[in-house]
Each structure stands twice: as structure tokens, then as C-alpha cells.
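In: return a 3D structure for these sequence lines:
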Amino acid sequence: MEITIRDEFIKLGQALKLAALVGSGVEAKFVIEEGRVQVNGETETRRGRKLRDGDTVSFEGRTFTVRSREA
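Out: Now for the predicted structure:
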């Protein structure tokens, strides 16, 4: 699956919501802080982590790739 962003980056918490893997920002905060999200294969605990074109996010067996319209 891919999500397309209009800007140079999107924050991890926002990306999880955009991909419909979480229902709210609060839920995103908790799953990220609990170490349940991986970015490019590594556990990420910062919900403000900036994702750019080509970054891959995995959560509970589901994965998406960030694509930028600028790229």
C-alpha cells in the first residue's frame, strides 16, 4: 500500500492516520510510544519522526510506503 503526500514530509503519527491504521492521533501516539511501529525496518518511538518519499512503515503486519507528489 502507498500513501501520497503533497509536502516534503509527513510526521509518523499523521501517516498512520492517513493510512487508516489507527483511528486517532491519541491511538497513534500510544502505539508508537509502545514500540509497535517500524520505519524502514527499525522500531521508531517518536511520533514526530519525519517520513519522506520512499520511507516504509510497518504496524501489526501491515506496511505502507510514503510517496511524495514532489518526487
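
In: from here on, just use CA atoms for contacts and neighbour counts.
Out: Fine.

In: R47 touches E27, doesn't it?
Out: No: using C-alpha atoms under 8 Å, R47 is not in contact with E27, being 10.8 Å away.

In: quick one: which of these two has more around it?
Out: Using other C-alpha atoms under 10 Å, the more surrounded residue of R47 and E27 is R47, with 20 against 15.

In: next, count neighbours for V37.
Out: 24.

In: just the pLDDT at it, thanks.
Out: As predicted, V37 sits at a pLDDT of 98.

In: which strands or helices does whatever helix or strand F30 lives in pack on?
Out: Taking DSSP states H and E as the definition, one finds F30 inside helix 25-33. Using 3 or more C-alpha pairs under 8 Å, 6 or more residues apart in numbering; DSSP states H and E, the elements in contact with helix 25-33 are helix 12-18.

In: residues making contact with the helix it packs on?
Out: Residues external to helix 12-18 that are found in contact with it (C-alpha atoms under 8 Å, 6 or more residues apart in numbering): 3, 22-25, 28-29, 32, 46-51.

In: packing partners for the longest strand along the chain?
Out: Longest among the strand segments of the chain by residue count, using DSSP state E, is strand 62-68. Here strand 62-68 touches strand 2-5, strand 56-59, going by 3+ C-alpha pairs under 8 Å, 6+ apart.

In: surely A19 touches I3?
Out: Yes: between A19 and I3 there is a contact under C-alpha under 8 Å: 6.5 Å.

In: joint contacts of the two?
Out: With C-alpha under 8 Å, 6+ apart, A19 and I3 have common neighbours F64.

In: who has more neighbours out of those two?
Out: More neighbours surround A19 than the other of A19 and I3, with 19 against 14 (other C-alpha under 10 Å).
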